[in-house]
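1. next input, structure requested:
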Amino acid sequence: MAIEASFSATKGEFPLAEVFSKFPDAQIELDRVVPTNDVLIPYFWLEGGDSAELSLEGIDHPGIDDLRVVDDVDGELFVRIDWDFEYESVLTAILETDVALVSAVGREGEWTFEVRAEEQRAVSAFQSYCTDHEIPIELTELHALSPLQSGQEYDLTEAQREALTLAYARGFYDSPRRATQAAVAEDLGISRQALASRLQRGTRRLIASTLIGTSE
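-> Next comes the predicted model:
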């Protein structure tokens with residue numbers, strides 16, 4: 001039976017912790033991609049305040065080899081990251097066990113990770129790996145894979161939740177559509193490109209968390 005588990009981490013030092021020491025109001029969302037090689041989570045989104053004030057200069061951590069800003073989408077930075085997996089973290093535990101990352105969102109003082117496994121013993125092995133390597137995590141939820149749940153369980157960012165909800169309410173998902181992306185973006189006070197990005201990432205997270213199996 002497929003199992004989903006959510007973990008929180010409020011202690012210890014994830015490689016991106018220094019970002020919050022510089023920008024305490026920032027939020028980081030790891031951009032989960034289907035791995036085609038040994039690369040795991042090569043990108044993340046950074047939001048919080050004016051993007052012109054967000055700088056990755058001086059971010060130095062033994063778990064990070066390199067950081068590079070790829071794009072700036074309406075105040076959110078899209079960043080390429082090269083991890084050093086010699087540094088033990090939750091990501092190392094994912095690489096070394098049979099669990100798949102569904103989502104990972106970080107705010108000052110706390111990270112929330114959601115993983116999926118084909119059976120419960122894989123989740124137990126993930127927990128054991130973290131314990132053995134002194135990676136502090138706490139199980140917050142464990143349940144069998146269900147066909148559909150609300151978006152709240154999957155820790156959508158507030159911007160994604162707002163965009164998806166308004167787009168739905170305005171009829172963007174109706175057939176025929178009753179609202180365009182441009183109209184919804186205008187209501188939110190953001191660019192159409194930024195809205196498209198939020199809808200795409202939010203929709204992808206909901207699909208990955210509800211419809212896609214562990215074989216992805």
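
2. could you use CA atoms for every contact and neighbour count after this?
-> Noted.

3. burial of the residue lying closest to Glu118 once chain neighbours are set aside, as a residue count?
-> Among residues not flanking Glu118 along the chain, Ala2 sits closest, at 4.2 Å (C-alpha to C-alpha, 6 or more residues apart in numbering). By the criterion of other C-alpha atoms under 10 Å, Ala2 has 14 neighbours.

4. output the contacting helices and strands for the longest helix seen in the chain.
-> Criterion DSSP state H: the longest helix present in the chain is helix 192-210. Counting contacts by 3 or more C-alpha pairs under 8 Å, 6 or more residues apart in numbering; DSSP states H and E, helix 192-210 is packed against strand 100-107, helix 158-170, helix 181-188.

5. run through who's touching the longest strand seen in the chain.
-> Secondary structure of the chain per DSSP state E: the longest strand is strand 64-73. Contact with strand 64-73 is made by 15, 51, 56, 77-84, 193-194, as judged by C-alpha atoms under 8 Å, 6 or more residues apart in numbering.

6. which residues touch the residue of the chain most remote from its centre?
-> Going by C-alpha atoms, centre = their mean, the residue of the chain most distant from its centre is Pro176, 31.6 Å out. Residues near Pro176 by C-alpha under 8 Å, 6+ apart: none.

7. isn't there a strand covering it?
-> No - assessed with DSSP: H, G, I helix; E, B strand; the rest coil, Pro176 is coil; it does not lie in a strand.

8. distance of it relative to Val105?
-> 34 Å (C-alpha to C-alpha, to the nearest Å).

9. ok, back up a step: what about the residue farthest from the centre of the chain? Give its phi and psi, please.
-> When read as degrees, to the nearest 10, the backbone of Pro176 gives phi -70, psi 160.

10. same thing with Phe78?
-> Torsion angles, degrees, to the nearest 10, at Phe78: phi -100, psi 120.

11. before we move on, back to that, whichever of the contacts of strand 64-73 end up buried, select them in PyMOL.
-> Those of the contacts of strand 64-73 that count as buried under 16 or more other C-alpha atoms under 10 Å are selected in PyMOL with:
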select buried, resi 15+77+78+79+80+81+82+83+84+194
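
12. in strands, which of the contacts of strand 64-73 fall?
-> Reading strands off the contacts of strand 64-73 with DSSP E, I get Leu77, Phe78, Val79, Arg80, Ile81, Asp82, Trp83.

13. how is the closest residue to the first one other than its chain neighbours assigned, secondary-structure-wise?
-> By that I understand Leu77. Closest residue to Leu77 apart from its sequence neighbours, by C-alpha to C-alpha, 6+ apart: Leu46 at 5.0 Å. In three-state terms, and counting by three-state DSSP, Leu46 is strand.

14. number of nearby residues for Leu46?
-> With other C-alpha under 10 Å as criterion, Leu46 counts 22.
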